[in-house]
Every structure is written in C-alpha cells, then in structure tokens.
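Trainee: Here's a sequence, model it:
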Amino acid sequence: MYMSNIYFEKYAQLTLSLTDFGDSFVVADKPDLQDFEHNIGVEVVCVETPEEGIKRSVWNQFAGKGLTSNEFRDKFEREDFRQSVIPDLEYMAMDGRHGNAKTLIVEMLDFIRRKNEKFTDYKQFEQNGLYLFNCHMFPEQIGDLQQKIFKEDFHFDFYIVNLINKLYIIFKSGIIKEYNISHEQLKSFKQEALEYEKNNQ
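Mentor: I've put the predicted structure just below:
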C-alpha cells in the first residue's frame with residue numbers, strides 16, 4: 001500500500017497531539033501543518049529516495065502476513081525484479097543496525113538542506129519547524145543529528161524526528177524531548193490517516 005504525502009501530513013498532525021504542541025494544528029499547505037492559535041508552522045517530509053518509496057510500498061503489501069522468505073520471493077514473477085528489490089526489502093525488514101550510521105545522518109541533512117532552500121516559499125510563523133519521517137535511524141543517532149544540524153545555518157526553529165514508535169523534538173536551545181508512541185496509538189493513527197487520505201485525494 002503506497003502512502004501519499006496526504007497520509008504522512010495527517011499522520012504527523014496526529015502524533016503531535018502527544019507532544020507539548022497539542023492538537024491545534026490543521027493540515028494545510030506551505031507549510032503542511034499550521035497552528036494559528038500558537039503561531040507555529042511545520043513542514044512534513046518523508047526521508048527516503050523514490051526507489052526506497054517503491055520498496056517500502058511493496059514491503060507494506062506483504063509485511064506481517066506470516067510469509068516465509070521463500071514464499072515472499074514467490075510473490076514476484078519477474079526474476080530481474082526479485083533480484084533487484086528483494087535484497088533491499090530483506091534489509092529493511094531487519095533491525096537496520098547493519099546500515100551505515102554516518103550515511104543516514106548525511107541523508108537527513110540533505111533533506112533538511114533541500115527544505116531549507118524552499119523556506120522563503122512558505123508562510124512564515126513565529127516558530128517554524130520541520131517534521132522528518134525516518135524508519136532507518138535509531139535513537140542513539142539523534143544526538144549526532146542535533147550536533148550536525150546546528151553546525152549549519154538553517155531557518156527552522158525546531159525539528160521533529162519520527163522513528164515509528166518514538167518521536168523526538170530537537171530545539172535550537174539544545175533541548176531534546178522524547179515521546180513514546182504505543183502500538184495501539186500507531187494502529188489508531190495509521191487508520192485515521194488512511195481514512196483522511198482516502199477522503200482527500
């Protein structure tokens with residue numbers, strides 16, 4: 001199942017209700033989430049390449065269905081497709097600790113730079129944040145990401161990093177706040193975001 005930008009924007013809005021920001025955000029455009037009551041704007045981005053997006057959508061179709069590795073492979077008839085995609089899907093299904101931590105940070109910074117270049121195209125608020133979905137990073141990398149972010153002159157006042165079951169908010173002051181997302185909340189947010197996506201295509 002492929003999730004569009006609409007899905008991620010709604011999902012981000014729902015997760016922010018767990019934080020000190022509360023539930024005053026509305027899904028909008030440029031930036032994606034806007035809180036007029038507290039004068040806060042947040043742009044949402046899913047940190048992945050187009051290729052990763054395709055692989056993620058394919059993996060989502062079969063994840064959690066009790067398939068063995070061989071059964072999973074048998075779902076694909078094209079040999080070239082299996083050879084190119086399956087190894088990466090198996091990597092994504094693992095805990096990810098075999099990945100290059102330095103590369104993950106570099107990729108995050110590249111996405112932030114791209115969004116920072118477009119900052120002036122967006123409505124400006126008193127506080128401006130960037131919400132980043134990243135299923136590959138791990139909590140121990142947040143401190144390193146914070147250090148790298150503040151070595152550069154970005155426009156954003158804070159950064160929200162979604163690691164699926166954990167949410168981190170990195171402030172310019174150096175404070176990092178951590179929030180846990182329960183399994184029940186993950187399921188609820190996903191269902192609500194899917195319904196919102198369906199009704200707003």
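Trainee: can you map out the helices along the chain?
Mentor: Secondary structure of the chain (DSSP state H): helices at 5-16, 50-62, 69-74, 79-93, 101-117, 142-149, 183-199.
Trainee: Least reliable of these by average pLDDT, please.
Mentor: Of all the helices of the chain, helix 79-93 carries the lowest average pLDDT, namely a mean of 44.
Trainee: what's the residue closest to the geometric middle of this structure?
Mentor: F133 (1.0 Å; C-alpha atoms, centre = their mean).
Trainee: Enumerate every residue touching it.
Mentor: 8, 12, 44-47, 162 (C-beta atoms under 8 Å, 6 or more residues apart in numbering). The way it works is simple: take the backbone N, C-alpha and C, and place the C-beta from them, glycine included.
Trainee: Adding distance to Y168 and neighbour count, write the residues you listed out as JSON lines.
Mentor: What follows is the contacts of F133, written out as JSON lines (distance: C-beta to C-beta, whole Å; neighbours: other C-beta atoms under 10 Å):
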{"residue": "F8", "distance to Y168": "17", "neighbour count": "19"}
{"residue": "A12", "distance to Y168": "13", "neighbour count": "26"}
{"residue": "V44", "distance to Y168": "15", "neighbour count": "23"}
{"residue": "V45", "distance to Y168": "15", "neighbour count": "20"}
{"residue": "C46", "distance to Y168": "16", "neighbour count": "22"}
{"residue": "V47", "distance to Y168": "13", "neighbour count": "19"}
{"residue": "N162", "distance to Y168": "8", "neighbour count": "23"}
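Trainee: Farthest pair within those?
Mentor: A12 and V47 (12.7 Å; C-beta to C-beta).
Trainee: Tell me the one of the contacts of F133 nearest F189?
Mentor: For those, the nearest to F189 is A12 (9.4 Å; C-beta to C-beta).
Trainee: Go ahead and confirm the closest one touches P31.
Mentor: No. Proximity of A12 to P31 does not meet the contact threshold set by C-beta atoms under 8 Å, at 10.8 Å.
Trainee: can you list residues touching both of those two?
Mentor: Counting by C-beta under 8 Å, 6+ apart, the residues touching both A12 and P31 are 42, 44.
Trainee: Would you indicate which residues of stretch 132-150 are buried?
Mentor: By 16 or more other C-beta atoms under 10 Å, the buried positions in stretch 132-150 come out as 132-134, 136-137, 141-142, 145-146, 149.
Trainee: Ends of that stretch, what's the gap?
Mentor: Terminal residues of stretch 132-150 lie 16 Å apart, using C-alpha to C-alpha, to the nearest Å.
Trainee: these two touch, right, N162 and Y131?
Mentor: Yes. If you go by C-beta under 8 Å, N162 and Y131 touch, sitting 7.0 Å apart.
Trainee: got any residues that touch both of the two?
Mentor: With C-beta under 8 Å, 6+ apart as the test, N162 and Y131 both reach A12.
Trainee: Just list the residues touching K148, thanks.
Mentor: 105, 109.
Trainee: Sorry, slip of the keys, the one I care about is N134.
Mentor: Listed by C-beta under 8 Å, 6+ apart, the contact partners of N134 are 47-48, 104, 108, 161-163.
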